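[1] just the structure for this:
(one chain, ligands or ions: 3)
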Amino acid sequence: MSEKKPGRNDRCYCGSGKKYKQCHLEADRAGNPSTVSAGQVSESSGLPTLGRSRRRDPLSLSPVERESMRKACKFNAQLMDHMREFVVPGVTTEELDRRADQYTRDHGHTPACLGYLGYPKTICTSVNEVVCHGIPSDKQVLRDGDIINVDLTTIVDGWYGDQSETFMIGEVSDKTRDLVQVTFDCLFLGIRAITPGGSVNDIGRAIEREAHRHKFSVVKEYQGHGIGRKFHQDPSVLHYPHPRHEDIRLQPGYCFTVEPMINEGTWQTALDRKDGWTVRTADGMRSAQFEHTVLVTETGIEILTLTENGPQEGDRF
Ligand code: MF3
Ligand code: CO
Ligand code: CO
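    Numbers count the residues shown, from 1 in each chain. Ligands and ions are numbered 1, 2, ... in the order given. Got it, this is the predicted structure:
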């Protein structure tokens, strides 16, 4: 935790072999709580920001910057396509982490999570009742009937791509399949509710309606986030509507994630006090999540992290 930071020209601690300034320096600065004021999205999937509202205007990306984001997200999607075949019964979450890390480095890119605010691994693997930020482990083996969210984030030429999918391992119960389906539908309903100049609350309204229609709940303590040259920045993208967010307008050039976490039971969560990362449902029931990075344009939106061999919009599981 309290390790000394490397110098700008030292090798980065993440093992990339690159100089610190060309690797995790920017990410560490972005995530350093001392440079983040209360009320901004401050860490992980965005800590709750309600009650303190010192917001900065989100960045509007230029055409050149948009192209950089497209490229970063395209690689991240390719990584997801690469990972899919390994998410099977008997695999450990550690092995998934190792494969994602290897593929990222083989392509000359940088894992974004590793070392971010001290996070110890390259990916997040959240199994069953884990809502988000599950830490891969060689002791955790995937079994028939489990669900796992694999959350991947890569830095490509200084730009971040972020996405996740929930996988069903072998045969799962009807209730679990329903949870995964509804969560997947929530992601696309949220994304399709976005209009240039529209309120950010349009996203949360669409997601909450679908989740509640199926008697599931929406996690409130973690949220989508602006993304670009930083992992987490404004705007905060709640997955439910909030009066104080009604006037946040999604302008052309904004880039952010939509990443609903939907629970079978209570929306409330509990943070693991030992590892400081793993977020579980407060009642131990299951949770699912899907995530894409989205760009608002003058005329609509682009989903930047679409994959080729993964689930497609409208699919039935
Ligand atoms: N990828 C997650 C998100 O969607 C954040 C993970 S932060 C980490 O925002 F430090 F846990 F990796
Ligand atoms: Co995210
Ligand atoms: Co993510």
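[2] near ligand 3, which residues of the stretch 151-300 of the chain?
    Proximity of the stretch 151-300 of the chain to ligand 3 (Cβ under 5 Å from the ion) is limited to residues 151, 162, 164, 291. No exception for glycine: its C-beta is placed from N, CA and C like everyone else's.
[3] ok, the closest residue to the second one other than its chain neighbours - how many residues close by?
    Spatial nearest neighbour of D162, excluding adjacent residues (Cβ to Cβ, 6 or more residues apart in numbering): T153 at 4.4 Å. A count of neighbours around T153, defined by other Cβ atoms under 10 Å, yields 29.
[4] now swap in the one 10 residues further on and tell me
    Other residues within reach of Q163, judged by other Cβ under 10 Å, total 26.
[5] quick one: name the residues of the protein near ligand 1.
    Counting by Cβ under 6 Å from any ligand atom, the residues of the chain close to ligand 1 are 44-45, 113, 116-117, 119, 124, 133, 151, 153, 162, 257, 259, 291.
[6] filter the residues you listed down to the ones in helices?
    For the residues of the chain next to ligand 1, not one is inside helices, with DSSP state H as the criterion.
[7] on that earlier part again, which residues does the residue nearest to D162 contact?
    Under the criterion of Cβ atoms under 8 Å, 6 or more residues apart in numbering, the neighbours of T153 are 76, 111-113, 123, 160-163, 231.
[8] these in strands, which ones?
    Applying DSSP state E to the contacts of T153, the entries found in strands are 111, 160-163.
[9] so how far is D101 from the spatially closest residue to Q181 that is not a sequence neighbour?
    Among residues not flanking Q181 along the chain, F317 sits closest, at 5.0 Å (Cβ to Cβ, 6+ apart). According to Cβ to Cβ, to the nearest Å, F317 stands 28 Å off from D101.
[10] and what of P63?
    In terms of Cβ to Cβ, P63 sits 32 Å off from D101.
[11] the more surrounded of these two?
    D101 (20 against 7).
[12] now the helices for this structure?
    25-31, 63-83, 93-106, 174-192, 201-213.
[13] send me stretch 127-143 as CSV with only the CA atoms.
    The C-alpha atoms that make up stretch 127-143 are tabulated as CSV, following Å, rounded to 0.1, in the frame of the first residue of the first chain:
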residue,chain,number,x,y,z
VAL,A,127,-18.5,-14.6,-9.2
ASN,A,128,-22.2,-15.2,-8.1
GLU,A,129,-22.9,-12.9,-5.2
VAL,A,130,-19.9,-10.7,-6.0
VAL,A,131,-21.2,-7.4,-7.5
CYS,A,132,-17.9,-6.0,-8.8
HIS,A,133,-14.2,-5.8,-8.3
GLY,A,134,-13.7,-9.5,-7.5
ILE,A,135,-10.0,-10.3,-7.4
PRO,A,136,-8.7,-13.3,-9.4
SER,A,137,-7.3,-16.1,-7.4
ASP,A,138,-5.7,-19.5,-8.0
LYS,A,139,-8.0,-20.9,-5.3
GLN,A,140,-11.2,-19.9,-7.1
VAL,A,141,-12.3,-22.5,-9.6
LEU,A,142,-15.4,-22.0,-11.8
ARG,A,143,-18.1,-24.6,-11.4
